Each structure stands twice: as C-alpha cells, then as structure tokens.
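> model this:
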Amino acid sequence: MFGRQAVGLGTIRKSPMMSSNFLRGPPSPRAHKLHIIRAMRANGMELQWLPAELREDWEVVLAAVQSNAKALQFASPELIFDRNFMLLAAQRNAAVLLEAPTELREDRDFVLAAVANKGLVLEYASPKLCMDPEVVLKAVTQNGQALRF
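Here you go, the predicted structure:
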C-alpha cells in the first residue's frame, strides 16, 4: 500500500514492468503448473530441465511425452515402470513404445494401446506380440502398412 500511495497507482499501471498481473502477486501453484504443462506440450524435451518433483508428475510428463516420446528418458524411473502411466502415455503418443522398457514391449495391453494409436509401432513390439492376431488386426486397422511387420 505504501508504494501505491507514494508513487501513485496510475504511475505503476503505466510502467511496462508493472502489469496488472504483477499487482495481483505471484501466480498460484496450479497456475504455475499449467504454465509448465503448456510448455511441455510445445516442446516435451524441455522436461530434462525441470526439477525432479516435476519429472515425477503424471500431468507434466504426459504433456511432454505427448509432444515428444523421447522426453520419456527424462521422466522419473517410477513413472517409466508404472504400467498405468505408460498405458496412458501410449494412448497419447504411440511412439512411447520405442522408449518403453522391454517388459512393456511384451505387455499385450500396452502394445494394443500403442498400435491402436499408430499401427506402425507394431515393429517395436516383442516378436511374440507381432504374431498375435488381435494385436496385428488392431495395428492394420489403424494403418494397413503395419501388415509388413
């Protein structure tokens, strides 16, 4: 209040450094997180620069992986080995199959989620699942060229 009285509210509002956002104070933690999620959607590889607690956050990592499956390498190991998280990630970006641990490449549900999104990732599934009729049908339904794998 003292700053406003001494300088005058009109002076502060005219200053380019003092926008109305500045007068409201720092953003809430949720607004900050939403800003980070938008940044991850724009460039998922930026995940590498975030602190560990954000690299463990489902929403943040899903946004990054949706943008670029290679961002998965910067996620916490707990998320990479969390089957439920990886199923959701595969539904958003099938290329996650390329970055997934071997156990998940052999997981039928995980591979079905990925090939339903992008049939051509069938190439990166385990050989056993590449022979599974339901998995192949799902992949070919999404993209007929998946039949070559």
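> neighbours of L129, how many?
21 (other Cβ atoms under 10 Å). C-beta coordinates here come from the backbone N, C-alpha and C atoms, glycine included.
> tell me the mean pLDDT for the helix or strand encompassing it?
Using DSSP states H and E, L129 sits within helix 127-130. Throughout helix 127-130, pLDDT has a mean value of 94.
> what does stretch 84-103 give?
Stretch 84-103 comes out at a mean pLDDT of 95.
> which residues touch stretch 46-61?
By Cβ atoms under 8 Å, 6 or more residues apart in numbering, the residues outside stretch 46-61 that reach it are 33, 36-37, 39-40, 64, 71-72, 74-76, 78-79, 85, 88-89.
> and the residues you listed, which two are furthest apart?
By the measure Cβ to Cβ, A39 and E78 form the most distant pair in these, at 22.1 Å.
> compare those two and say which is more crowded by neighbours.
Legend: neighbour count by other Cβ under 10 Å for A39 and E78, higher for A39 (18 against 10).
> distance-wise, check the more buried one relative to Q48.
In this view, A39 and Q48 are 12 Å apart by Cβ to Cβ, to the nearest Å.
> which positions in stretch 133-146 come out as buried?
By neighbour count on 16 or more other Cβ atoms under 10 Å, the buried set for stretch 133-146 is 135-136, 138-140, 142, 146.
> which of those fall in strands?
Counting by DSSP state E, no part of the buried residues of stretch 133-146 is found in strands.
> out of the residues you listed, which sit inside helices?
Secondary structure assignment by DSSP state H places 135-136, 138-140, 142 of those in helices.
> including pLDDT, could those go into a markdown table?
Compiled in a markdown table, these are given as follows (pLDDT from 0 to 100):
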| residue | pLDDT |
| --- | --- |
| V135 | 96 |
| V136 | 94 |
| K138 | 95 |
| A139 | 95 |
| V140 | 95 |
| Q142 | 94 |
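> out of these, who's nearest R105?
V135 (11.6 Å).
> show me what contacts the residue lying closest to that closest one once chain neighbours are set aside?
Nearest in space to V135, with sequence neighbours left out and distances taken as Cβ to Cβ, 6 or more residues apart in numbering, is L129 at 5.0 Å. Residues counted as contacts of L129 (Cβ under 8 Å, 6+ apart) are 105-106, 108, 111, 135.
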